[in-house]
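**Student:** I'll drop the sequence and a predicted model, then ask my questions.
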Amino acid sequence: MPLYLTEDQTALQDTIRDFVAEQAPVAHLRALRDADDPTGFSRDLWRQFADMGFTGILIGEDHGGLGLGHVEAGLVLEEIGRNLSPSPFLTTAVAAVAALRNTPHADRWFPGIVAGETVAAIAIDEAAKHRDAVALKAERAGNGFRLSGTKRFVAHAHVADLLIVAARTAGGASDRDGVTLFAVPRDAAGLEIRPERLADASLAAHLNFDDVAVDADAVIGEVDAGRTSLDRLLRAGRTGVAAELLGVGGGSMAMTMSYLKERKQFGVPIGSFQALQHRAAHLYSEMEVARAAVLKAQQLLDADSDAADEAVSVAKAMAAMATTLSVNEGVQMHGGIGMTDEYDIGFYMKRARTLAELWGDANYHADRLAVAAGY
């Protein structure tokens, strides 16, 4: 597969880039943060995403979507990252769609996602760090199940229409088998949702399930065999996070390069100093390597390749490391002004830190690749 965009994908990228830059620039994030907005994103903007067709990129034409792939979804996420645009696109139009595709839940939820009316949240993690363990219990009760336990750092959970919850129906917390995915409404009795601000001013919630009752129709896929759906969700979600990280790193790099051309010392732009040129060249190289890794993962996902799982972990780790380098260099090369809240470069560092942790940091994915290779 060639590691470049097709002509149609490039045209779509231009459309997305213009739209997001105009409708949801960094100033949009700053305004929501300063207003302590309780939702965490603009529902009007979410509906505008729908009007542009973006929310249905991964949804088939039979449900009103565009029937495109992860490469195209990544173009949206990259521009969301470049502009730090608060949006439920990743959790709803990418991760949730991947989990619900080819299930009865698609008929119920896909029309709302396409219309920009539905928001989904992904409840997987139960501790500070992403792990494969699932301990939240789902015990059979009558014709359904009762869920008991906790989930942590669930983005958009406090305003979501749908919660996709990974629960344990058999075995121990670390077992691969015995996991089941459930579609749980936010207003379910016994469900406590406590939202908190993260470092980047986004909102994620801690969830407490106290014998939350759901019927058998809430099951996504098969009971005890939810790893298949969960793995599909995570592959799509991690690739999406990697694409958004590319945007964050690219936006930070562009801002830094512009500053190097404008800021003068000793009567010349600081970008003329060889030491800074070397650092800028190194940063560019690392971002391009990460870009290739992300595009490869997207293409393999779209091809339904057996090699996609490994490529996704490579992409997530590479994008996190390259973007961390980008934001760190950005703040350092901006000097003192880079440490101030008034300047946007700090917002990129905070978003990069949050995304780097989501669904596995670089160390998690490096270890995952090593274990898969037999180490």
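**Tutor:** Yep, it's here. Remember, predicted model here, so these are calculated numbers, not experimental data. Numbers count the residues shown, from 1 in each chain.

**Student:** going forward, measure contacts and count neighbours with C-alpha atoms only.
**Tutor:** Fine.

**Student:** hey, C-alpha coordinates of the strand or helix carrying H365 in CSV?
**Tutor:** According to DSSP states H and E, H365 maps onto helix 362-372. Listed next in CSV are the C-alpha coordinates belonging to helix 362-372 (Å, rounded to 0.1, in the frame of the first residue of the first chain):
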residue,chain,number,x,y,z
ALA,A,362,3.8,4.4,24.5
ASN,A,363,5.1,2.0,27.2
TYR,A,364,2.0,0.0,27.2
HIS,A,365,2.1,-0.5,23.5
ALA,A,366,5.8,-1.2,23.4
ASP,A,367,5.3,-4.0,26.0
ARG,A,368,2.3,-5.3,24.0
LEU,A,369,4.4,-5.5,20.9
ALA,A,370,7.2,-7.2,22.8
VAL,A,371,4.9,-9.8,24.3
ALA,A,372,3.4,-10.5,20.8
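
**Student:** distance check, L300 against A362.
**Tutor:** 20 Å (CA to CA, to the nearest Å).

**Student:** is D215 bridged to anything, and to what?
**Tutor:** For D215, the residues forming beta bridges with it (DSSP bridges) are G144.

**Student:** can you show me the helices along the stretch 101-250 of the chain?
**Tutor:** Counting by DSSP state H, counting those that start in this stretch, the stretch 101-250 of the chain forms helices over residues 105-114, 227-262, given from the N-terminal end onward.

**Student:** switch the ones you listed over to a markdown table; also include distance to S272 and mean pLDDT.
**Tutor:** Formatted as a markdown table, the entries for these read as follows, by distance: least, CA to CA, whole Å; pLDDT from 0 to 100:
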| stretch | distance to S272 | mean pLDDT |
| --- | --- | --- |
| helix 105-114 | 49 | 96 |
| helix 227-262 | 8 | 96 |
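
**Student:** quick one, which of those is packed in tightest?
**Tutor:** Of all these, helix 227-262 carries the top mean neighbour count, a mean of 24, counting by mean count of other CA atoms under 10 Å.

**Student:** which residue is nearest the middle of this structure?
**Tutor:** Closest residue to the average C-alpha location of the chain: V241 at 3.7 Å, with CA atoms, centre = their mean.

**Student:** these two touch, right, it and V94?
**Tutor:** No - with contact taken as CA atoms under 8 Å, V241 and V94 are classed as non-touching, separated by 9.9 Å.

**Student:** returning to that earlier point: which parts of the helix holding H365 are buried?
**Tutor:** Along helix 362-372, the positions that meet the burial threshold by neighbour count (16 or more other CA atoms under 10 Å) are A362, Y364, H365, A366, R368, L369.

**Student:** how about low-confidence regions in the stretch 201-350 of the chain?
**Tutor:** Within the stretch 201-350 of the chain, the set of residues satisfying pLDDT under 70 is empty.

**Student:** how about the strands of it, start to end?
**Tutor:** Taking DSSP state E, counting those that start in this stretch to define them, one finds strands in the stretch 201-350 of the chain at 203-215, 219-220, 264-265, 268-269.

**Student:** how close does the nearest residue to N363 once chain neighbours are set aside get to Q299?
**Tutor:** Nearest in space to N363, with sequence neighbours left out and distances taken as CA to CA, 6 or more residues apart in numbering, is A317 at 7.5 Å. Noted for A317: a distance of 17 Å to Q299, by CA to CA.

**Student:** neighbour count: those two, which is higher?
**Tutor:** For the pair A317 and Q299, the greater number of neighbours falls to A317 (24 against 19), based on other CA atoms under 10 Å.

**Student:** settle this for me: that one is touching D367, isn't it.
**Tutor:** No - look at A317 against D367 with CA under 8 Å: they stay out of range, at 10.4 Å.

**Student:** re earlier: can I get the buried residues of helix 362-372 in JSON lines with distance to T15 and pLDDT?
**Tutor:** Conversion of these to JSON lines gives the following (distance: CA to CA, whole Å; pLDDT from 0 to 100):
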{"residue": "A362", "distance to T15": "31", "pLDDT": "96"}
{"residue": "Y364", "distance to T15": "35", "pLDDT": "96"}
{"residue": "H365", "distance to T15": "33", "pLDDT": "97"}
{"residue": "A366", "distance to T15": "35", "pLDDT": "96"}
{"residue": "R368", "distance to T15": "36", "pLDDT": "94"}
{"residue": "L369", "distance to T15": "36", "pLDDT": "95"}
